[in-house]
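Undergrad: below are the sequence and a predicted model for it; my questions follow.
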Amino acid sequence: MIAAVSQELRTGERGSYATAIAGLWNGLTRTLSRLEQIAADPDETLGDADALETLPGLQYTLHAASEAVAGIAPPAEAQSSHAELAAALADARDATAEVADAAASGGADAAWPLVWEWRGALFRVRLARLRLAPVPEEAGADGAEDARTAVTAVALTLAGAIVVALGALFGLWPLAAAGVTVVACALLRRWP
């Protein structure tokens, strides 16, 4: 008996979910950029035979990305964003196919009514990707500590700048050097 075969990437097996999505996005960035270039000037590009020949390959890349997303198991907190990315990729693939078919059969004029929807589908892929980005944690005690560190760094920088200016103005170069040291310490305090 033949068992059903399925491929799924679980978080922690071959890498984290974020790593899997980043790998997917690395392959998809060039495709989205090229599709957006074509969609930006449809009068010229959809009338160009070379541009039309690239659309099926770009559409296939969207299809492969959609399949890859289906094979990645998201963590519980990312399930809705993950589903949104999968749907956006499928919509972009389908919109690309519709535009390619319309342009191949009737030229740029036939594809024009579909261009705005196509652009929207491509944008939706990028928006879905942004929604998968990790959300910064709530500012709690660490936020107050960061605020104090920032205030201290700014105060040290201002004091150091004043000391440098006074040392340079009066020709007291050791004082100016001390001011530069204070500024350097402020930068080290702010950016560890």
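TA: It's in. Numbers count the residues shown, from 1 in each chain.

Undergrad: list the buried ones in whatever helix or strand Ala155 lives in?
TA: If you go by DSSP states H and E, Ala155 is part of helix 141-169. Residues of helix 141-169 classed as buried: 153, 156-157, 160, 163-164, 167 (neighbour count, 16 or more other Cβ atoms under 10 Å). Every residue, glycine included, has its C-beta placed from N, CA and C.

Undergrad: following element in sequence after it, please.
TA: Once helix 141-169 ends, the next helix or strand along the chain (criterion: DSSP H and E) is helix 173-190.

Undergrad: go through that next one and flag the buried ones.
TA: Buried residues in helix 173-190, counted by 16+ other Cβ under 10 Å: 176, 179, 182-183, 186, 190.

Undergrad: now for the residues you listed, which pair is the farthest apart?
TA: Using Cβ to Cβ, the pair of the buried residues of helix 173-190 lying farthest apart is Ala176 and Arg190, separated by 21.4 Å.

Undergrad: break this protein into its domains for me.
TA: 17-131, 141-190 (automatic domain parsing).

Undergrad: of those, flag the one that's most buried.
TA: Counting by mean count of other Cβ atoms under 10 Å, domain 17-131 has the highest mean neighbour count of the domains of the chain, with a mean of 17.

Undergrad: give me the mean pLDDT for that domain.
TA: In this model, domain 17-131 has an average pLDDT of 89.

Undergrad: now that domain: how far from the chain's centre is it?
TA: Relative to its parent chain, domain 17-131 has a centroid offset of 15 Å by Cα atoms, centre = their mean, to the nearest Å.

Undergrad: wait, Ala128 sits on Asp91?
TA: No. Using Cβ atoms under 8 Å, Ala128 is not in contact with Asp91; the gap is 9.9 Å.

Undergrad: phi, psi of Gly120?
TA: Main-chain dihedrals, Gly120, degrees, to the nearest 10: phi -60, psi -40.

Undergrad: who's in contact with it?
TA: For Gly120, no residue meets the contact criterion (Cβ atoms under 8 Å, 6 or more residues apart in numbering).

Undergrad: which secondary structure state does His47 sit in?
TA: One thing to correct before we go on: residue 47 is Gly, not His. Under DSSP: H, G, I helix; E, B strand; the rest coil, Gly47 falls in the coil class.

Undergrad: helix or strand for the residue positioned nearest the centre of the chain, just tell me which one.
TA: Closest to where the C-alpha atoms of the chain average out (Cα atoms, centre = their mean) is Leu130, at 5.9 Å. Counting by DSSP H and E, the element that carries Leu130 is helix 79-131.
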